[in-house]
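Asker: Give the three-dimensional model of this entry:
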Amino acid sequence: MIPIKVKLTIKGDRAIYDFTGSHPTIGSIYNSAFGATFSAVAAGMKTFFPDLPLNSGFYRVFEIIAPEGSIVDAKWPVAVTGFLMPFEKIMNAIYEIWSKIIPERAIACAFNLEYLLTGGRDARAKEKPIFMFYDWLPGGWGGRNGKDGCNVTTACFGTGLMAQPVEGQERANPILTTEFEVLKDSAGPGKWRGGAGVLKTSRMLEAESTVISYICDRERAIVWGIEGGLPSIPHGLTLTRAASGKKEWLGATFSDVAIEPGDVFSRPTAGGGGFGDPLERDPKRVLEDVIDNYVSVERAAKDYGVVIQPIDPEICTYEIDKDATVALRRQIRAERNDWLAADPEDVSRRFKAGDIDALDAVRRYAVILDWDSGDLLPVSTDQFREMYRKRSAAAWQ
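Answerer: This is a model prediction of the structure:
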């Protein structure tokens with residue numbers, strides 16, 4: 001993973017953000033020009049000062065030190081993104097800093113915006129005109145101090161956009177949306193959980209010379225929780241081939257993959273990170289989340305230590321087993337630090353065997369895998385565990 005480092009110094013009437021130590025520019029579009037870095041700082045800081053007008057007086061308050069040639073100050077002709085990838089990492093880093101300074105407004109990490117592009121020739125028409133399906137999805141925002149994160153909400157710079165109407169997309173493109181729903185268990189667990197993300201699945205119709213590209217992230221740098229909260233979910237797109245029925249994990253960044261009519265592509269968006277220890281969440285709130293289909297009965301037990309008995313799920317009737325919940329929470333408290341010391345190779349083997357899933361690997365063991373093969377990514381795991389211990393485990397009682 002590519003580190004972005006930032007240090008805030010408050011000096012007089014100035015807020016100085018120093019990005020010294022951030023990684024040099026890299027050979028992809030995952031670089032930020034100075035303007036995008038400046039905007040990310042402004043977006044992160046404005047969140048904590050909602051009453052301040054967004055004008056030149058506000059901008060004069062902060063100063064940015066960004067090493068030239070680094071990932072936060074890429075110069076021509078290095079490829080850059082706009083308000084994507086590094087932008088959102090910087091913004092969430094600013095959130096994390098100000099959450100320590102103004103804890104009553106603290107917020108965990110928000111989801112990353114993602115873009116999907118599918119283009120080719122629309123064979124529904126005799127002329128076979130070129131089409132371009134350009135899609136983005138909402139996701140979950142971080143849990144806050146005293147309040148759950150916002151569910152299925154747009155990115156910070158697209159307020160009000162939410163998602164594009166699938167009916168309009170289907171008229172303009174030979175693509176049929178077969179599934180578009182709030183994604184269960186996508187929200188990062190916490191005393192105040194993150195907001196939920198979504199899952200969208202689409203099928204190619206009559207088209208020719210079609211390719212698909214996708215840009216997101218969070219396949220390894222997974223949306224994090226703070227103050228004891230847990231992470232969300234790994235990102236990535238899955239392609240199911242009509243000809244063979246075979247599923248292909250394409251991950252969170254790829255370009256120009258050829259697809260055919262009948263092929264199905266599906267991807268989630270992450271929820272927000274959790275705020276606070278999930279074992280301190282009121283069991284009644286966990287029960288409400290199960291009823292609302294935000295959290296599964298299984299993850300209620302694994303992530304929150306709340307044992308819920310289904311009575312009649314068809315009419316949303318469940319019951320909390322209070323004694324079992326007390327016992328399970330006691331057990332998780334006793335064992336969870338040991339989970340973070342588990343051999344990552346063993347976690348990989350258990351994932352491949354089907355004994356654990358991706359959420360277990362991320363939330364219990366802080367292990368990052370190739371989510372297709374299950375192979376361990378040792379460097380990413382070391383980096384992820386370091387930050388997990390700092391953001392989550394350090395706050396556990």
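
Asker: can we go C-alpha only for contacts and neighbour counts from here?
Answerer: OK.

Asker: Residue 211 and residue 259 touch, don't they?
Answerer: Yes - in terms of Cα atoms under 8 Å, residue 211 counts as a neighbour of residue 259; the distance is 5.6 Å.

Asker: In terms of neighbours, single out the busier of those two.
Answerer: residue 259 (23 against 16; other Cα atoms under 10 Å).

Asker: Tell me which residues touch the more buried one, please.
Answerer: If you count contacts by Cα atoms under 8 Å, 6 or more residues apart in numbering, residue 259 has them with 210, 211, 212.

Asker: what sits opposite the nearest residue to residue 107 once chain neighbours are set aside in the beta ladder?
Answerer: In this structure, residue 107 finds its nearest non-sequential neighbour in residue 144, 4.4 Å apart by Cα to Cα, 6 or more residues apart in numbering. Residue 144 forms beta bridges with residue 107, residue 147, as assigned by DSSP bridges.

Asker: For residue 272, see how far away residue 144 is.
Answerer: 10 Å (Cα to Cα, to the nearest Å).

Asker: could the contacts of residue 259 go into JSON lines alongside distance to residue 329, pLDDT and secondary structure?
Answerer: Output for those, formatted as JSON lines (distance: Cα to Cα, whole Å; pLDDT from 0 to 100; DSSP: H, G, I helix; E, B strand; the rest coil):
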{"residue": "210", "distance to residue 329": "51", "pLDDT": "98", "secondary structure": "strand"}
{"residue": "211", "distance to residue 329": "48", "pLDDT": "98", "secondary structure": "strand"}
{"residue": "212", "distance to residue 329": "45", "pLDDT": "98", "secondary structure": "strand"}
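
Asker: what about residue 242, how many residues close to it?
Answerer: 16.

Asker: Relative to residue 363, how far out is it?
Answerer: 34 Å.

Asker: repeat for residue 277
Answerer: The spacing between residue 277 and residue 363, counted by Cα to Cα, is 12 Å.

Asker: same check, this time on residue 381
Answerer: Residue 381 is 12 Å from residue 363, by Cα to Cα.

Asker: Looking at those two, which one has more neighbours?
Answerer: When neighbours are counted by other Cα under 10 Å, residue 381 and residue 363 differ, and residue 363 comes out ahead with 25 against 21.

Asker: Go ahead and confirm that one touches residue 230.
Answerer: Yes - with contact defined as Cα under 8 Å, residue 363 counts as touching residue 230 (6.1 Å).

Asker: And the pLDDT at the residue nearest to residue 107?
Answerer: pLDDT, residue 144: 97.

Asker: wait, isn't it in contact with residue 102?
Answerer: No - using Cα under 8 Å, residue 144 is not in contact with residue 102; the gap is 11.8 Å.

Asker: Could you give the number of residues near the closest residue to residue 138 other than its chain neighbours?
Answerer: Excluding the flanking residues, the one nearest residue 138 by Cα to Cα, 6+ apart is residue 154, at 4.5 Å. Using other Cα under 10 Å, residue 154 has 22 other residues around it.

Asker: now do residue 298
Answerer: Counted with other Cα under 10 Å, residue 298 comes out at 15.

Asker: Could you do residue 310 as well?
Answerer: So residue 310, with other Cα under 10 Å, has 14 neighbours.

Asker: three-state assignment of it?
Answerer: The three-state assignment at residue 310 reads strand, by DSSP: H, G, I helix; E, B strand; the rest coil.

Asker: Could you report the distance from it to residue 242?
Answerer: 37 Å.

Asker: before we move on, what about residue 342?
Answerer: 40 Å.

Asker: before we move on, the earlier item: who has more neighbours out of residue 144 and residue 272?
Answerer: The neighbour comparison of residue 144 against residue 272 (other Cα under 10 Å) goes to residue 272, with 39 against 29.

Asker: Model confidence for the more buried one, exactly?
Answerer: Residue 272 is given a pLDDT of 97.

Asker: residues contacting it?
Answerer: Counted by Cα under 8 Å, 6+ apart, residue 272 has contacts 108-111, 139-143, 149, 187-188, 193-197, 223-225, 231-232.

Asker: Which ones among the residues you listed lie within helices?
Answerer: Secondary structure from DSSP state H places none of these in helices.

Asker: On the strand side of things, show who residue 215 bridges to.
Answerer: residue 115, residue 253.

Asker: and the gap between the residue of the chain most remote from its centre and residue 207?
Answerer: Distance from the C-alpha centroid of the chain peaks at residue 126, with 41.1 Å (Cα atoms, centre = their mean). Residue 126 sits 11 Å away from residue 207, taking Cα to Cα as the criterion.

Asker: same check, this time on residue 335
Answerer: Counting by Cα to Cα, the gap from residue 335 to residue 207 is 53 Å.

Asker: Please apply the same query to residue 148.
Answerer: For residue 148 relative to residue 207 (Cα to Cα), the value is 43 Å.

Asker: Ok, residue 306 next?
Answerer: Taking Cα to Cα, one finds residue 306 at 48 Å from residue 207.

Asker: So those two - more neighbours on which side?
Answerer: Neighbours per residue, other Cα under 10 Å: of residue 306 and residue 207, the larger number sits with residue 306, 30 against 24.

Asker: Give me the spatial nearest neighbour of the more buried one, chain neighbours excluded.
Answerer: Residue 306 sits nearest to residue 325 (Cα to Cα, 6+ apart), 4.8 Å away.

Asker: if I look at the one you found, how far off is residue 111?
Answerer: Distance from residue 325 to residue 111, by Cα to Cα: 30 Å.

Asker: next one: residue 95
Answerer: 13 Å.

Asker: Have a look at these two and say which one is more surrounded.
Answerer: Counted by other Cα under 10 Å, residue 95 and residue 111 do not tie: residue 111 has more neighbours, with 36 against 26.

Asker: what's downstream of the host helix or strand of residue 37, the next helix or strand?
Answerer: Using DSSP states H and E, the element containing residue 37 is helix 34-48. Counting by DSSP H and E, the next helix or strand C-terminal to helix 34-48 is helix 56-59.
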